[in-house]
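1. What would the 3D arrangement of this be:
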Amino acid sequence: MSEVETPPWMEGWTPTPLVAPEAERPRGPGNPAWSPGCASPNPAGRPKGIPDKRLVATQQMLEEMRNIVAVLIGKALEGDTGAISVVLSKTLPSLKAQADKDNVDLNTDAPASEQVAQCLDAIAQGRLAPDVGRCSSSTA
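-> Residues are numbered from 1 along each chain as shown. The predicted model follows:
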C-alpha cells in the first residue's frame, strides 16, 4: 500500500509545462494598437500654425482674469466690503503676532532641563512671550 496508484482516468496524462508570460513592453501615451515598425496613423502630423489648445485656454483665462480683477477693484473702490476684503487679502501679507525681544538670563552651561525650566519661569512671570519661549535660540 506504500505505492501510489494512478487512477485509470489519469493514465497517459502529463501536465502542461508552465511557460513564463512574455515581458510586456511598457505602454506610453498614444494608440495602444500601434507598435514600432507599423505605418504611422497620422503620417502628416499636426499641421503647422495650429496653436496648442492648452496655450489658447491659458491665454483666454488670463484675459478674463484681467477683467475680473478690474471689476473687483472697481467694486472695492465703490465701498463693497466683500470686494475690499478679497483685494486686501490677496495683496497684503497677513499680520502675525510679534513679541519684543526680552533679555532673559539663560544659563547656557546648565543642562537642557534646567534651561527649559528657566524659559518656563520667564514665561510664567510675563518676561517672555510664549511664542518666543518656544524657540530656545531666540531666548539666548
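
2. Can you spell out which helices and strands pack onto the helix or strand residue 64 falls within?
-> For residue 64, the host element (DSSP states H and E) is helix 53-78. Under the contact criterion of 3 or more CB pairs under 8 Å, 6 or more residues apart in numbering; DSSP states H and E, helix 53-78 touches helix 81-91. For every residue, glycine as well, the C-beta is placed using N, CA and C.

3. now the helix or strand that the helix it packs on is followed by: how far from the chain's centre is it?
-> For helix 81-91, the following helix or strand on the C-terminal side (DSSP H and E) is helix 112-124. On the basis of CA atoms, centre = their mean, to the nearest Å, helix 112-124 sits 38 Å off its chain's mean C-alpha point.

4. Relative to residue 8, how far out is residue 60?
-> Note on residue 60: its distance to residue 8, by CB to CB, to the nearest Å, is 79 Å.

5. Give me the more crowded residue out of these two.
-> residue 60 (10 against 7; other CB atoms under 10 Å).

6. Which parts of the helix holding residue 64 count as buried, going by neighbours?
-> Buried residues in helix 53-78, counted by 16 or more other CB atoms under 10 Å: 72, 75, 76.

7. got it, and stretch 104-115?
-> So, applying 16+ other CB under 10 Å, buried residues of stretch 104-115: 104, 106, 115.

8. Alpha carbons only: can I get it in PDB?
-> Taking Å, rounded to 0.1, in the frame of the first residue of the first chain, the C-alpha atoms of stretch 104-115 are listed here in PDB:
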ATOM      1  CA  VAL A 104      16.300  86.600  29.700                       C
ATOM      2  CA  ASP A 105      19.300  85.500  31.700                       C
ATOM      3  CA  LEU A 106      19.700  82.000  30.300                       C
ATOM      4  CA  ASN A 107      22.500  79.900  31.800                       C
ATOM      5  CA  THR A 108      23.700  78.100  28.700                       C
ATOM      6  CA  ASP A 109      26.200  76.000  30.700                       C
ATOM      7  CA  ALA A 110      23.300  74.400  32.600                       C
ATOM      8  CA  PRO A 111      21.700  71.100  31.500                       C
ATOM      9  CA  ALA A 112      18.900  71.300  28.900                       C
ATOM     10  CA  SER A 113      16.200  70.500  31.500                       C
ATOM     11  CA  GLU A 114      17.300  73.500  33.600                       C
ATOM     12  CA  GLN A 115      17.300  75.800  30.600                       C
END
